[in-house]
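In: Quick one, structure for this:
(one chain, ligands or ions: 1)
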Amino acid sequence: MTPRHLMSPLDFSIEELDRLLDMAADIEKNPDKYAHLCEGKRIATMFYEPSTRTRLSFEAAMMNLGGKVLGFHSADSSSAAKGESVSDTMRVVSCYADIAAMRHPKEGAPLVASLRSLIPVINAGDGGHQHPTQTLTDLLTIKALKGHFDGLVIGLCGDLKFGRTVHSLIEALSRYNDIRFVLISPEELRVPSYVRESLRAKNIPFEEVVRLDEETMADLDILYMTRVQKERFFNEEDYVRMKDFYILDKAKMDVAPDKMMILHPLPRVNEISVEIDDDPRAQYFAQAQYGVYVRMALILTLLGIEVA
Ligand code: CP
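Out: Below is the predicted model:
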């Protein structure tokens with residue numbers, strides 16, 4: 001049977017996505033029901049780039065389902081260091097595991113790997129392109145804490161050029177009704193033109209602003225902060241100039257609306273001050289927890305395991 005992969009957040013229809021998010025919500029409430037569903041199954045985490053949340057939450061997800069994990073956490077610790085292609089590596093890992101999550105610095109690498117794979121491959125982040133499982137995490141967090149997607153005003157702030165989580169989230173939220181985006185970035189870190197063109201083609205309202213101030217925040221239901229992606233800059237000087245462009249601190253939160261939930265895919269660097277971590281609107285650590293539930297639901301879905 002041809003395995004089903006996850007490369008983009010749009011690989012699932014809205015109906016499939018609803019089922020997956022409902023399953024993740026049920027996993028949060030009834031973890032025991034799911035504790036043995038993957039006994040005898042293995043996930044391979046193939047990480048050619050650093051990660052804390054994505055890799056460990058995939059591993060935690062499989063362990064919570066009763067399965068096992070294997071993998072590598074850097075290109076240097078795999079035979080990529082000897083020149084092996086992602087296709088060959090994936091074909092071989094297909095012999096050792098039932099499902100794989102791959103992160104790679106090159107855009108499209110997980111897709112290339114999936115073409116030779118005998119098992120489902122999940123894109124766990126490819127360069128500055130997409131990060132679909134972060135998007136599933138973000139959607140579950142929004143659904144759990146806001147209760148709906150339709151009608152939301154979403155601010156995305158920071159490195160909108162290289163931030164793959166932003167590209168994936170915009171694409172996913174664009175499928176809902178009456179969504180409006182406020183894109184907050186320095187001129188040099190605006191969203192790529194293909195994202196802008198896609199929003200225009202779908203008649204989705206958006207504005208691009210530079211300042212993160214009271215006026216910008218006034219209508220926001222969600223403020224999605226992102227770090228400046230140091231690893232994607234061509235020179236250190238540009239990164240240093242940009243890295244502290246936005247700092248969300250208590251003074252800013254004091255003038256932000258009560259409804260404005262703060263999300264961040266993490267890791268944060270300086271863009272959110274630790275002084276707001278206990279603000280009830282700050283939900284980025286809850287978001288990281290939701291990532292485990294949604295990855296459990298994803299593993300079950302791609303492996304075709306029925307939940308009684
Ligand atoms: N959000 C996210 O992708 O974090 P990691 O890079 O730690 O996996």
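In: got a list of what Lys252 touches?
Out: Lys252 makes contacts with 212-213, 217, as judged by CB atoms under 8 Å, 6 or more residues apart in numbering. (Glycine included, C-beta is placed from N, CA and C.)
In: got a winner among those residues for most neighbours?
Out: Top of these by neighbour number is Leu212, holding 23 neighbours under the definition other CB atoms under 10 Å.
In: And the pLDDT at the residue of the stretch 151-300 of the chain found nearest the ligand?
Out: Nearest to the ligand, among the residues of the stretch 151-300 of the chain, is Pro265, at 3.8 Å (CB to the nearest ligand atom). Here the pLDDT value assigned to Pro265 is 97.
In: Surely it touches Thr165?
Out: Yes: look at Pro265 against Thr165 with CB atoms under 8 Å: they come within range, at 4.3 Å.
In: Those two: who's more crowded?
Out: Pro265 (27 against 23).
In: Assumed that one was part of a strand.
Out: No: secondary structure assignment places Pro265 outside any strand; it is coil (DSSP: H, G, I helix; E, B strand; the rest coil).
In: Give the full set of residues in contact with it.
Out: So Pro265 contacts 53, 131, 134, 137-138, 165, 226, 287 (CB under 8 Å, 6+ apart).
In: now, which of those lie within helices?
Out: Counting by DSSP state H, the contacts of Pro265 place 53, 134, 137-138, 165, 287 in helices.
In: Of these, grab the buried ones for PyMOL.
Out: Buried members of these, defined by 16 or more other CB atoms under 10 Å, are picked up in PyMOL with:
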select buried, resi 53+134+137+138+165+287
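In: Looking at the ones in helices among the contacts of Pro265, which two lie furthest apart in space?
Out: Using CB to CB, those span at most 12.2 Å, a distance reached by Arg53 and Asp138.
In: Can you lay out the contacts of Lys252 as CSV showing pLDDT?
Out: Shown next, in CSV, are those (pLDDT from 0 to 100):
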residue, pLDDT
Leu212, 97
Asp213, 97
Met217, 98
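In: middle-most residue in this structure, spatially?
Out: Gln134 (1.5 Å; CA atoms, centre = their mean).
In: Could you tell me which residues make contact with that residue?
Out: 54, 125, 164-165, 168-169, 265, 291 are the contacts of Gln134 under CB under 8 Å, 6+ apart.
In: List just the nearest of those residues to Asn203.
Out: Leu169 (18.7 Å).
In: Isn't the closest one up against Thr135?
Out: Yes: with contacts counted by CB under 8 Å, Leu169 reaches Thr135, the gap being 5.2 Å.
In: who touches the lowest-mean-pLDDT helix or strand in the chain?
Out: Lowest by mean pLDDT, DSSP states H and E among the helices and strands of the chain is helix 236-242, with a mean of 82. The contact list for helix 236-242, computed with CB under 8 Å, 6+ apart, reads 159, 186, 188-189, 228, 230, 233.
In: Sketch out the low-pLDDT regions of this structure for me.
Out: When residues are selected by pLDDT under 70, none of them lie in the chain.
In: any idea which residue of it is furthest from its center?
Out: Computed with CA atoms, centre = their mean, the maximum C-alpha offset from the centroid of the chain is found at Lys82, amounting to 29.9 Å.
In: That one and Ala75, how far apart?
Out: 10 Å (CB to CB, to the nearest Å).
In: and what of Val209?
Out: Distance of Val209 to Ala75, given as CB to CB: 38 Å.
In: Neighbour count: the two, which is higher?
Out: Between Val209 and Ala75, counted using other CB under 10 Å, Ala75 has the larger neighbour count: 17 against 14.
In: wait, what's in contact with the more buried one?
Out: 48-49, 81.
In: go again using 6 Å as the cut-off
Out: Tyr48 (CB atoms under 6 Å, 6 or more residues apart in numbering).
In: just Val153 next, same as before
Out: Val153 makes contacts with 180, 219-221, as judged by CB under 6 Å, 6+ apart.
In: Could I get the residues you listed in TSV, plus columns for distance to Lys106, neighbour count and secondary structure?
Out: Below are the contacts of Val153 laid out as TSV (distance: CB to CB, whole Å; neighbours: other CB atoms under 10 Å; DSSP: H, G, I helix; E, B strand; the rest coil):
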residue	distance to Lys106	neighbour count	secondary structure
Arg180	33	16	strand
Asp219	38	13	coil
Leu220	34	23	coil
Asp221	35	17	coil
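In: Could you list the residues of the stretch 151-300 of the chain in contact with the ligand?
Out: Within the stretch 151-300 of the chain, the residues that sit near the ligand (CB under 6 Å from any ligand atom) are 265-267.
In: oh, I was asking about the stretch 1-150 of the chain
Out: Counting by CB under 6 Å from any ligand atom, the stretch 1-150 of the chain comes close to the ligand at 51-54, 125, 134.
In: ok, 5 Å please
Out: 51-54 (CB under 5 Å from any ligand atom).
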